[in-house]
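S.K.: My questions are about this predicted structure, shown below with the sequence.
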Amino acid sequence: MTEVASVLFGREDIRRRVDELGRTIAGDYVGREPVLITVLKGGAVFLADLMRATPLSLEPHFMAISRYGDAEESLGRVQILLDTDVDLAGRDVILVEDIVDTGLTLRYLLGVLLARDPASLEVCTLLDKAVRRIVPLTPRYVGFDCPDRFVVGYGLDFQERYRNLPDILKVDDLEALKDDPGALSPRFASA
């Protein structure tokens, strides 16, 4: 019998990689105070850990975009529900993403942010699912290359569940999870 999900990236590997990303960003932005922007809700967990791992003065901000229903990808159709209230003109901006997939939503967000005239704009993503990329985008900072699998945990969800799992799980049987959205709940006991 196939398990519904298995660990793809464990919590210690995630912690080590986030620490490495924080040190790299700190080295790249010496003497500057970048604005970190993430999209709620998925990016919040990664943003919080990345900020703690980056020994710089940072300014966090949040955006929220429309969900795209039950579809597995947005096809680039995005509505901004919550926007940042900071003037980005002349500022160094890092868009912090939980996962970059097709790149369609990211392209839209980058266009919105570039129109605000930042001094620089880079992308830091925990997971890069480049195998599914439609838009030619390459994030500057990447935590892990992600296989073409549905993933949950560490901010990533299935029907608003499992964001608080400390590991990133690859879903091995998506149909079983759709049939029983609570199937991964026993994972909380081992968290």
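M.R.: Yes, it's here. Numbering: from 1, shown residues only.
S.K.: What residues does the residue nearest to Q159 when sequence neighbours are not counted make contact with?
M.R.: Spatial nearest neighbour of Q159, excluding adjacent residues (Cβ to Cβ, 6 or more residues apart in numbering): P181 at 5.2 Å. For every residue, glycine as well, the C-beta is placed using N, CA and C. Shown in contact with P181 (Cβ atoms under 8 Å, 6 or more residues apart in numbering): 158-159, 161.
S.K.: how near is the residue nearest to the spatial centre of the chain to P186?
M.R.: Nearest to the geometric centre of the chain sits D98, at 0.8 Å (Cα atoms, centre = their mean). Applying Cβ to Cβ, to the nearest Å, the value for D98 to P186 is 23 Å.
S.K.: re earlier: drop anything exposed from the contacts of P181.
M.R.: Using 16 or more other Cβ atoms under 10 Å as the burial test, the contacts of P181 include F158 as buried.
S.K.: Can you convert the contacts of P181 into JSON lines and add a column each for pLDDT?
M.R.: Formatted as JSON lines, the contacts of P181 follow (pLDDT from 0 to 100):
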{"residue": "F158", "pLDDT": "95"}
{"residue": "Q159", "pLDDT": "93"}
{"residue": "R161", "pLDDT": "94"}
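S.K.: Quick check: D172 touching L8?
M.R.: No - counting by Cβ atoms under 8 Å, D172 does not reach L8; the two are 10.0 Å apart.
S.K.: Against which helices or strands is the lowest-mean-pLDDT helix or strand in the chain packed?
M.R.: Here the helix or strand of the chain ranked lowest by mean pLDDT, DSSP states H and E is strand 80-82, holding a mean of 90. Contacts defined by 3 or more Cβ pairs under 8 Å, 6 or more residues apart in numbering; DSSP states H and E place strand 80-82 against strand 59-65.
S.K.: on contacts alone, who are the packing partners of the strand it packs on?
M.R.: strand 35-40, helix 43-53, strand 80-82, helix 104-114.
S.K.: With L21 as the reference, name the closest of the ones you listed.
M.R.: Closest to L21 of the helices and strands packed on strand 59-65, according to Cβ to Cβ: helix 43-53, at 6.3 Å.
S.K.: ok, and for the closest one, which residues are buried?
M.R.: Neighbour-count burial for helix 43-53 [16+ other Cβ under 10 Å]: 43-47, 49-51, 53.
S.K.: Dump these to CSV, plus pLDDT.
M.R.: Output for the buried residues of helix 43-53, formatted as CSV (pLDDT from 0 to 100):
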residue, pLDDT
G43, 95
A44, 96
V45, 97
F46, 98
L47, 98
D49, 98
L50, 98
M51, 98
A53, 98
